[in-house]
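>>> Make a model of this:
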Amino acid sequence: MKFSMIAIAAAALAAGVEGFSTFAAPRSVMRVAPLKMADAATDVDTKAALATAANEARGLAMDSIAAAHSGHMGLPLGCAEVGAVLYGSQMQYNPKDTQWINRDRFILSAGHGSMFLYSWLNLAGFDLSIEELKNFRQHHSQTPGHPEFPNSEHTTPGIECTTGPLGAGVSNAVGFAVSEKMAAARYNTEEHKIFGHHVFALAGDGCFQEGISAEAAQFAAHEKLDNLIILYDSNEVTLDKMAEYTQSEDIIKRYEAYGFETYEIDGHDLAVVEETIAAAKASDNGKPKFIKCNTIIGKGMEETEGTNAAHGEAGVPYVDKARASIGLPEEKWYVSEGTRDFFAGVQEKNGKIYDEWQNTYAAWKEANPDMAKELEDAVNDVTMPAEDMLAAIPEMGGDAEATRVSGYKVIQEIAKLVPNYISGSADLHGSTRNYINDGGNFGAGFDKSYAGKNLYFGIREHAMGAILNGIAYHGIFKASGSTFLVFVDYMRPTIRVASLAELNRVSYILTHDSIGVGEDGPTHQPVETVPGLRVIPNLDVFRPADAEETVAAYVSSVTRKEGPTALILSRQNLNQNTAMSAADRRAGAMKGGYIAKKETGDLDLIIIATGSEVQHALEAAADLPGARVVSMPCVELYERQSDDYKESILPSTVTKRIAMEAAVTPAWYKYASKVVGVDRFGFSAPGDIVMKELGMSAENLSAEIASMN
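Prediction:
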């Protein structure tokens, strides 16, 4: 390989080779055995190649951020040695098959440092060109400001996870680890092991200050997810101040207390970084791994390194000087022939692992054809067509019941029809009723196994949302999670990201949907929550009116391809609209809105309702020959219907319209001139009294209709 002496000297400095580095060696909480020259994992040539690649990755990041006059230099420069070891030595991947199911996963939780990831994807041989790096943060580029999971806007190869909100990515990584453990338990056999990869997450101080990461870490350690390796970029800096200004904990002790295996290393010492990551991978002891990598933020840029100024683009004026100081030529976006040759060798090595795995998979598939079909359908997101699924689920019956109870019945059928469907709850299975019978419980210890379909998240809604997203990103299972609707705000950021990332493999089961909760009072009675979810783009919000609409809601959630679904279910019993057939209600709900009661005379009034208020609309319309009742369980799905269909349901010639929902009213004025809703918080009393007192009754609706004449 071809490296100039000045490049090797600069590389040695960056790598912390004795005689060059002035960075003090940190304490080791779990000390790795020292390397011996004879059996070192990295020989001199390879070490020099990794060090050179680290500096060239620094150069790519500096050049791209300088060209954009925007971005974050600190992490790409400070973690370059970590990237070199991951992509140049320790990770199992194939840039020619970015969807290989047994690849290691890398999540950049500190997503603001996205040029770290883009630089390494380019160097590692992924289809992300230098031209795309030059277009960093530009319109229609494959290098957006924060990493984005492939979707209709960006299809950047090698991005496993949309990150940016701090703490979320490292929590998503727990979901990846869950999914890998589950896949291994379900599909590996004694003869053939087709799943056995690791999940890496690189995170900074901001990620660990956000509470979500603590919730997720507790879950990961409790369930013994030893396939998870968290790398902490500990550079002692946050955006406003040095980190000591806002934190003084011993994070190693904290993660040890959770149950992690912990390490503390010099994040610039290539040999130690490689040795530690290799040890973490080899340690199958039931403990997830936490590696504190002590680094210098913005390393290589003398004017800003080690300070909070290095975090963003403040170093742009000093790029040329910094590039020269680490041995890079004047040519921008420079990658040496030696580095390209080195990564060609890495690809060859990983290619052999990939080919061996393909042989194993072929033998496994031949021996387990049914299991192979199930897995391949799961990976390719093949489900039974919605129409067939609706037909396969038995009719629910005519007795009044809460839609959470209907949901319990439906989820049993869904789990049979969609083998890769799993569900979990934030300590509320008994109330949210989404437990899958005979599905087993996921995890370690007690009655749990990694093949279980039911996840117990504990009282950790925010982490639950992130873990669900991680499972969805991993690309095998369809995951749902439940809590009371009023607590969905704890996990709202994760729902937003799932929607923008177009994660159709995730759904949310949110029960106790209104003031009908009753005695628990206004802290537990959502009034603004459903409308607040409806404003999230690309999130389908289903609030079914009865059991048959609940069937449609679940079917839609597992067959939708464009994004996630929230299922909003009642605590209290609701009447069934038995005047319509089950099939018609299901078909209508699958369009988001439909005629639940057709007028018997000349149409002069349309009553629009959703969820528990549809029963009141039907009662109020019973003696009004010109009244049509429209049930609208999913506004978003209704809006995606053809203009002709929407005109057939809500004809523009009929302007006398009233809407009813036990929630705040503003959004319904899009469809109606008058709205009966709840524009205040509730109070503690039995649910039927709260409903009646706040106007959620057929009598009050009738009075409001009469006032329109």
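>>> Return the longest helix in this protein, judged by number of residues.
For the chain, the helix with the greatest residue count under DSSP state H is helix 337-367.
>>> wait, isn't residue 109 in contact with residue 202?
Yes - applying Cβ atoms under 8 Å, one finds residue 109 in contact with residue 202, separated by 6.3 Å. C-beta coordinates here come from the backbone N, C-alpha and C atoms, glycine included.
>>> one step back: tell me which residues of the longest helix of the chain come out buried.
Using 16 or more other Cβ atoms under 10 Å as the test for burial, helix 337-367 gives 338-339, 342-343, 346-347, 350, 354, 357, 361, 364-365.
>>> Pipe those residues into JSON lines and attach distance to residue 453 and pLDDT per row.
Formatted as JSON lines, the buried residues of helix 337-367 follow (distance: Cβ to Cβ, whole Å; pLDDT from 0 to 100):
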{"residue": "338", "distance to residue 453": "50", "pLDDT": "97"}
{"residue": "339", "distance to residue 453": "46", "pLDDT": "98"}
{"residue": "342", "distance to residue 453": "44", "pLDDT": "97"}
{"residue": "343", "distance to residue 453": "40", "pLDDT": "98"}
{"residue": "346", "distance to residue 453": "38", "pLDDT": "97"}
{"residue": "347", "distance to residue 453": "37", "pLDDT": "97"}
{"residue": "350", "distance to residue 453": "33", "pLDDT": "97"}
{"residue": "354", "distance to residue 453": "30", "pLDDT": "98"}
{"residue": "357", "distance to residue 453": "26", "pLDDT": "98"}
{"residue": "361", "distance to residue 453": "24", "pLDDT": "98"}
{"residue": "364", "distance to residue 453": "22", "pLDDT": "98"}
{"residue": "365", "distance to residue 453": "23", "pLDDT": "98"}
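>>> which one of those is nearest residue 164?
Nearest to residue 164 among the buried residues of helix 337-367, counting by Cβ to Cβ, is residue 343 at 27.5 Å.
>>> Go ahead and confirm that closest one touches residue 123.
Yes - Residue 343 is within contact range of residue 123, at 5.7 Å (criterion: Cβ under 8 Å).
>>> which residues are in contact with both of the two?
In terms of Cβ atoms under 8 Å, 6 or more residues apart in numbering, residue 343 and residue 123 are both contacted by the residues 53, 87.
>>> where does residue 304 fall, helix, sheet strand or coil?
Recorded secondary structure, residue 304: coil (DSSP: H, G, I helix; E, B strand; the rest coil).
>>> quick one: the nearest residue to it once chain neighbours are set aside from residue 207, how far?
In this structure, residue 304 finds its nearest non-sequential neighbour in residue 310, 4.0 Å apart by Cβ to Cβ, 6 or more residues apart in numbering. Using Cβ to Cβ, to the nearest Å, we find residue 310 at a distance of 18 Å from residue 207.
>>> and the spatially closest residue to residue 195 that is not a sequence neighbour, what pLDDT?
Using Cβ to Cβ, 6+ apart and skipping residues adjacent in sequence, the residue nearest residue 195 is residue 184, 4.0 Å away. Residue 184 carries a pLDDT value of 98.
>>> quick one on the thing from earlier: make CSV out of the buried residues of helix 337-367 and add distance to residue 541.
Converted to CSV, the buried residues of helix 337-367 look like this (distance: Cβ to Cβ, whole Å):
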residue, distance to residue 541
338, 54
339, 49
342, 50
343, 46
346, 46
347, 45
350, 43
354, 42
357, 41
361, 39
364, 41
365, 40
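>>> Let's see the distance spanning stretch 607-626 from one end to the other.
End-to-end span of stretch 607-626 (Cα to Cα, to the nearest Å): 11 Å.
>>> Break down the stretch 401-550 of the chain into its strands, ranges please.
With DSSP state E, counting those that start in this stretch, the ranges of strands along the stretch 401-550 of the chain come out as 421-425, 441-442, 448-449, 454-456, 478-484, 506-511, 540-542.
>>> Residue 316: which of those strands is closest?
strand 506-511 (38.6 Å).
>>> Residues contacting the closest one, please?
Applying Cβ under 8 Å, 6+ apart, the contact partners of strand 506-511 are 404, 407, 423, 428, 431-434, 465, 468-469, 471-472, 478-485, 488, 491, 495, 498, 557-558, 564-571.
>>> Looking at that strand now, give me its mean pLDDT.
98.
>>> what's the angle from that strand to strand 421-425?
With axes from the mean of the first three to the mean of the last three Cα atoms, to 10 degrees applied, the angle from strand 506-511 to strand 421-425 works out at 40 degrees.
>>> Look up the pLDDT of residue 374 for me, please.
pLDDT at residue 374 comes out at 98.
>>> what's the answer for the one 3 residues further on, then?
Residue 377 carries a pLDDT value of 98.
>>> secondary structure element for it?
helix 369-379 (DSSP states H and E).
>>> Now do the same contact list for the nearest residue to residue 614 once chain neighbours are set aside.
Take residue 614 and drop its neighbours on the chain: the residue closest to it by Cβ to Cβ, 6+ apart is residue 545, 3.6 Å away. Shown in contact with residue 545 (Cβ under 8 Å, 6+ apart): 403, 574, 577, 596, 609-615, 631, 633.
>>> what does residue 645 give?
Contact analysis of residue 645 by Cβ under 8 Å, 6+ apart lists residue 591.
>>> Could you number the chain from 690 rather than 1 from now on?
Got it, the first residue is 690 from now on, which makes the last one we talked about residue 1334.
>>> Nice, that's everything, thank you.
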